[in-house]
Structures are given as C-alpha cells and as structure tokens.
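Student: Next input, structure requested:
(2 chains)
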Amino acid sequence: MDAVLALALGTWQLLAQLSGEINGSLNLVGYGLAAVGPGIGIGIVVGNAITAMVRQPEMEGTVRTTMFLGIAFTEALALIGFVLFFIG
Amino acid sequence: MVEALTSFIRDDVAKGIIGVQDGAKYAPYLLSIFLFILVGNLFEVTPLINFPITSRMAIPAFLALVTWVIFVFIGFAKNGFSYLLDTVWPKSVPIALRWLVGIIELVSVFVLRPITLAVRLFANMVAGHLMLTLLLASGVIFVQHVGDIGLRAGIGVVWFVFGLGIFVFEIVVAILQAYIFTLLSAVYIQTSIHPAH
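Tutor: Numbers count the residues shown, from 1 in each chain, chains lettered A, B, ... in the order given. Predicted structure coming up:
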C-alpha cells in the first residue's frame, strides 16, 4: 500500500514539474461549473412540464406559467455564475 | 395590440397569479414595469441602437427594489407583525428544523429575492448583448480585412449569419425576460398577501 502511495505521489510530483503552472482563466472554469446544475435543472423542469401538458392539455396555460417560474428560479444560479465570471 | 397587452397583464398575470379580488389593484404597477422593461429590452434588437438599457445594473436594481418595497410593505400591511414571525418561525415545519428553515427563509425572502430578480434581467441582457456584438462585429471585421487574410475572410459571413440567428433568439429573450420579471413580481406580491403555508 505504501509503495503504491509513494509511486502515485512521485508520479504526481513529476507531472507537476513537467507541466508547470496551470494557465488560463479560472473564472471561465467557475462559470462552466455553475452552468452544469441549472442546465440539468431546466431540462427536468421543461421535460416534466411537457409531460404535464400532454397528459392534461386543458391545464396548458397554468402549466406554462408554472414552467416559466421554475425556469426563472433555476436559471438564477447560472446567471449568478455568469455575473461572477465578470466581477470575480 | 395595446389592448391585448393590457388585458394579458391584467387577466393572466395580475388576476391569474394574485387572485381575482386583489389582482386588479396591482395590475397598473405590473403593466408599468412590464412595458418599461419590454421597451428597454427591445432596444437590444433595434438596429442602429443595439443596446438594451436594462443591461446597466442601475435600472434592474431599481425596479427590483421597488418590487421589494411593495411586497414587504404589503406583507406587513396585510398580516401585521406575524408576516415576519411566520417567516423566521414557520409553524408548518417540524420544531427541530424550524430555526434552520427560518434562517434560510429569512435570507431568501428579504435578501436573495430582490438580488436574483435584478441579476436575472441584467445578466440575460448583458449575455445577449455580448453575444450579438461578438458575432456581428467579428463578421464585419473579418470581411473588412479580406485583403489581408484572403479567402479565410469567408468565415466572417458564417459568423454574421449565425449572429442574425441569435438576433431572432434575442427578440424572444427580450419579451420573455420582461414577462418573467412581471410574473415574479406578481408571485412575490401574492406570497406576501397569503404567506407561506
């Protein structure tokens, strides 16, 4: 176990020496991470709204309004990430 | 057209969300912010202007602040001090979790609501404006430098056409964001009249 650990540590140090510092915008990585959750969330919201509209077409107006509300709440996180991308 | 917009805000948003009796009272405010934000957003896709006034933080922040003042005032006016008390000490939650839910509710209702309301409109408009500017301007610049880079300038035409596609998308976004701001204002007013259950 120790040998494996030492090997992994050595490999890591070698890689770190070879590659040097990681360059580029960390803000961009942060925004990418912030966009993952809301992307999945909006997919779930809209998908379920479509299911509801198909099952009960007479409720379409209500479902659509609620869908926009859900999208708006979910989207807020991605947009906060977008703003932090600029000010961070 | 104006009549359709007015009756849409009054019947669908105000009366549909807030309720038939109370809704009519808040319809003028909702209609004002809807039209103001709509016109401000549509400057983004107006040729030769191409700049949404709502993409400067002051305007969405002020509008969100007005909505915040209105829904907090209504909350206290309709429910008295129990509006604040029910928020920090919700009766419908098991007692061991009440303090935690209370803190989360307090922050989300009085702090996060106006911030996200303002940031949502602002960030959508900034993102759309940036995207349009980048695509259309890179299209124009590539084509202008056709003498330096030769046939590769043809990529500029592709960018420009893609930008025009985004243009149509941004018209939808401009209308949708005005609608969402109005809708959320109505929902916040409604939750202040009838607090959480």
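Student: tell me, how many neighbours does the residue of chain B found nearest chain A end up with?
Tutor: Relative to chain A, the nearest point of chain B is B:Ala123 (3.9 Å; C-beta to the nearest C-beta). For the C-beta atoms, the positions are set from N, CA and C on the backbone; glycine is no exception. Neighbours of B:Ala123 under the rule other C-beta atoms under 10 Å in any protein chain shown: 25.
Student: what residues are up against it?
Tutor: A:Leu79, A:Ile80, A:Phe82, A:Val83 (C-beta atoms under 8 Å, 6 or more residues apart in numbering or on different chains).
Student: Next up, identify which helix or strand it is on.
Tutor: Assigned by DSSP states H and E, B:Ala123 belongs to helix B:113-144.
Student: can you give me the helices for chain B?
Tutor: B:2-7, B:20-42, B:58-79, B:82-88, B:98-107, B:113-144, B:146-149, B:154-193 (DSSP state H).
Student: Spell out which parts of chain A neighbour chain B.
Tutor: Within chain A, the residues that sit near chain B (C-beta under 8 Å from any C-beta of the partner chain) are A:61, A:65, A:68-69, A:71-72, A:75-76, A:79-80, A:82-83, A:86.
Student: Can you give me the separation between B:Tyr179 and A:Met53?
Tutor: According to C-beta to C-beta, to the nearest Å, B:Tyr179 stands 18 Å off from A:Met53.
Student: Looking at these two, which one has more neighbours?
Tutor: B:Tyr179 (20 against 17).
Student: quick one: the more buried one and B:Phe34 touch, right?
Tutor: Yes: taking C-beta atoms under 8 Å as the definition, B:Tyr179 is a contact partner of B:Phe34 at 7.2 Å.
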